[in-house]
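Chemist: Below is the structure, and that's it, no one-letter string:
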């Protein structure tokens, strides 16, 4: 028994030290499986500031039975574009305003609102057109006619550099310029080969959102399905175009009707108050546990501190976006962690009053308390999952932190608290007792 307890203590210490390593301030990167991963608390829009955009959907040309599918497809395209910006946990949701379908985006950490507007609102309809015979073309002008090759055959696009040193620097006095390299799938590659074959020594126009980006002459048939879109790009615009092409074209047009930049200063003030409230709550809980349960309360308080460190480490590793509502969920889960310890202590006390030894009383107390802890926490877990599944924004942020907190609290109560109690009882360590002296 003692050997098992010592092994459990060793594992608890190891997990705690690893959690401290992750949680410690200014810890930006950590090496995991030969990969350097950025480890940091991700702050939501209400804390870190950022951009909020609202778009109106133009569904006038969409059939009624296709509007729902078009909206879902639109949200998918927007999410792909936003994810490419490196935004953690953006809020992207459809809604209705004055009987008009809208999409609202909350982008934490994005202060350059123009960059977000340009990327999200770009239609990104890609077409390839060839010269028409005369002025009867159906392309961007009468001199051009459409081909079967469009953006739907696109497999991938990347930003590369042409000329100079190949990375944006000058070489031999010639500055390299960013271009967008594209590649087609097998069907698109076949179409591209056919188009370039019949247009050798003629131009082929690359059309983006109804405008000619470039119209290079074809020197020879191009096999393999690779092409280059060149123009007056800088690194930012080339990357934006590449992202838009990779995410696909917007299924319906968007109109920006509202934009707002949320200042981080307001978030910092709010989070300071929330952290202070959390600190006060933890201190009061610890004082209550020590006053009510004496030595066992000290063990519970130690387990609570370990629990908080582990939870914060999980938040940074996943990562979880911290919002003010999320902080509320964390505080609520602290109460659940303490509640589990109270159930355990009361059951252990009942076993002791029946004349059982310390070790037996602790083991039976934990066994009897487990069913109550399991049922109460499982009901909270189910509620949290429902909120995560159907909720959005601050509701989802609250549910995520609450769910993680509940799961870790069950581990803390059943594993950490039990191990520490058995450790002190098995090795007969004396816990300090607190008694109020009568005043004379």
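Modeler: Received the coordinates, thanks. Computed from a predicted model, the values in this text were never measured in an experiment. Numbers count the residues shown, from 1 in each chain.
Chemist: list the helices and strands the helix or strand containing residue 192 packs on?
Modeler: Per DSSP states H and E, residue 192 falls inside helix 186-198. Secondary-structure packing of helix 186-198 (3 or more Cβ pairs under 8 Å, 6 or more residues apart in numbering; DSSP states H and E): strand 126-131, strand 144-150, strand 177-184. Every residue, glycine included, has its C-beta placed from N, CA and C.
Chemist: right, so of those strands, which gets closest to residue 85?
Modeler: Proximity to residue 85 (Cβ to Cβ) singles out strand 177-184 among the helices and strands packed on helix 186-198, at 17.4 Å.
Chemist: quick check: angle from that closest one to helix 186-198?
Modeler: Here the directions of strand 177-184 and helix 186-198 differ by 110 degrees (axes from the mean of the first three to the mean of the last three Cα atoms, to 10 degrees).
Chemist: centre of the chain versus strand 177-184, how much separation?
Modeler: 29 Å (Cα atoms, centre = their mean, to the nearest Å).
Chemist: ditto for stretch 151-159
Modeler: From the chain centre to the centre of stretch 151-159 is a distance of 25 Å (Cα atoms, centre = their mean).
Chemist: change the start of the numbering to 25 and stick with it
Modeler: Got it, first residue is 25 now, which makes that one stretch 175-183.
Chemist: What are the contacting residues of it?
Modeler: 148-151, 202-209, 211-212, 215, 249, 259, 262-263, 265-266, 269-270, 272-273 (Cβ atoms under 8 Å, 6 or more residues apart in numbering).
Chemist: Weed out the non-buried ones from the residues you listed.
Modeler: Buried members of those, scored by 16 or more other Cβ atoms under 10 Å, are 148-151, 202-208, 212, 215, 249, 262-263, 265-266, 269-270, 272-273.
Chemist: per the record, what domains does the protein have?
Modeler: 26-66+288-450, 74-146+277-286, 150-271 (automatic domain parsing).
Chemist: right, and the secondary structure at the residue lying closest to residue 206 once chain neighbours are set aside would be what?
Modeler: Residue nearest to residue 206 in three dimensions, not counting chain neighbours: residue 181, with 4.5 Å by Cβ to Cβ, 6 or more residues apart in numbering. Per DSSP: H, G, I helix; E, B strand; the rest coil, the local secondary structure of residue 181 is strand.
Chemist: circling back: what about the helices and strands packed on helix 210-222, which gets the closest to residue 37?
Modeler: strand 201-208 (51.8 Å).
Chemist: what mean pLDDT does that closest one have?
Modeler: Taken as a whole, strand 201-208 has a mean pLDDT of 89.
Chemist: Give me the angle between that strand and strand 150-155.
Modeler: 90 degrees.
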